[in-house]
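1. model this:
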Amino acid sequence: MGNEEPKIAKRRLHKHSTIKSGRTIGERNREHIETSSERLEARKKVKKRQTFRVAMTVIGFIAIFGVGIFFLIKFLKQREVNEVETAPTVVVKTYSPTIEIVDENVGAGNITTRMSEYIGRLESDLKDLNLEPIKAVIPSGSIREVDFYFNGHPGYVKTTIDRGTGVTAEDIERMFRYLASQGVAEYQYIDVRIDGKAYWK
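-> All right, here's what the predicted structure looks like:
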């Protein structure tokens, strides 16, 4: 036993040892620092690219929106121009009487525009019904009544400028037919100044 050579004890590495074969602690820390720097730089680049893409997207939307607004305004203006060009021209027809007008009021000759327009319009409506007015008289003391005389009829017809000329003309024509159907050949006047009613005397 005394002649046996002593055994060399092998050093066992601790499980939690931080020592790595062939590398020093400084090398590992430097590698760690370099890797972190690279990752940080890569993140910055990615963030810059994302910011650039977002900015370009926003600019693109703004440009598209601006072009759309431009063409919309242009379209609306052109539409207004077309509407003005194609709008029908409204012609307001004026009626001037051709029959004799007699004003029995003091200071005769000052017939109002409304009165003259009424006489001219009723004259036109009567002729459309094949009636022939020959004279219009504005009786003394009246500013709204107009009496019409007709060719072929004995009396006159009392009208008022407060009624429409179309319905007045129809009432006159209806009364002429009614009196003829009743055999009434003579009368002093017919009164059609009230809507829905007519009188004769």
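
2. what does the pLDDT read for the residue positioned nearest the centre of the chain?
-> For the chain, the residue sitting closest to the mean C-alpha position, by C-alpha atoms, centre = their mean, is residue 80 at 11.2 Å. pLDDT, the model's per-residue confidence, is 78 for residue 80.

3. that's a strand at residue 195, yeah?
-> No - counting by DSSP: H, G, I helix; E, B strand; the rest coil, residue 195 is located in no strand; its state is coil.

4. ok, residue 46 - how many residues close by?
-> As a burial measure, the neighbour count of residue 46 was computed by other C-beta atoms under 10 Å and equals 10. Every residue, glycine included, has its C-beta placed from N, CA and C.

5. and what of the one 5 residues further on?
-> Applying the criterion other C-beta under 10 Å, we find 10 residues in the vicinity of residue 51.

6. part of a strand, is it?
-> No - assessed by three-state DSSP, residue 51 does not belong to a strand; its assignment is helix.

7. what element comes up after the helix or strand where residue 81 lies heading to the C-terminus?
-> Residue 81 is part of helix 25-86 when elements are defined by DSSP states H and E. Sequence-wise, the next helix or strand beyond helix 25-86 is strand 100-103, with elements assigned using DSSP H and E.

8. list the buried residues of the following helix or strand past that next one.
-> Scanning forward in sequence from strand 100-103, with DSSP H and E defining helices and strands, the next element found is helix 113-128. Neighbour-count burial for helix 113-128 flags 115, 116, 117, 118, 119, 120, 121, 122, 123, 124, 125, 126 (criterion: 16 or more other C-beta atoms under 10 Å).

9. returning to what we had before: now do the contacts for the residue nearest to the centre of the chain.
-> Residue 80 is in contact with no residue at all, counting by C-beta atoms under 8 Å, 6 or more residues apart in numbering.

10. returning to what we had before: closest to residue 37 out of the buried residues of helix 113-128?
-> Closest to residue 37 out of the buried residues of helix 113-128 is residue 117 (97.7 Å), distances taken as C-beta to C-beta.

11. and the helix holding residue 81, how far from the chain's centre?
-> Here the centre of mass of C-alpha atoms in helix 25-86, compared against the chain's by C-alpha atoms, centre = their mean, to the nearest Å, lies 39 Å away.

12. residue 121 is in contact with residue 163, isn't it?
-> No - with the criterion set as C-beta atoms under 8 Å, residue 121 and residue 163 do not qualify as a contacting pair; they are 11.4 Å apart.

13. in this structure, where is pLDDT below threshold?
-> Low-confidence regions of the chain, defined here as pLDDT under 70, cover residues 1-34, 83-92, 107-110.

14. please redo it, this time with the cut-off set to 80
-> 1-42, 79-94, 106-110 (pLDDT under 80).
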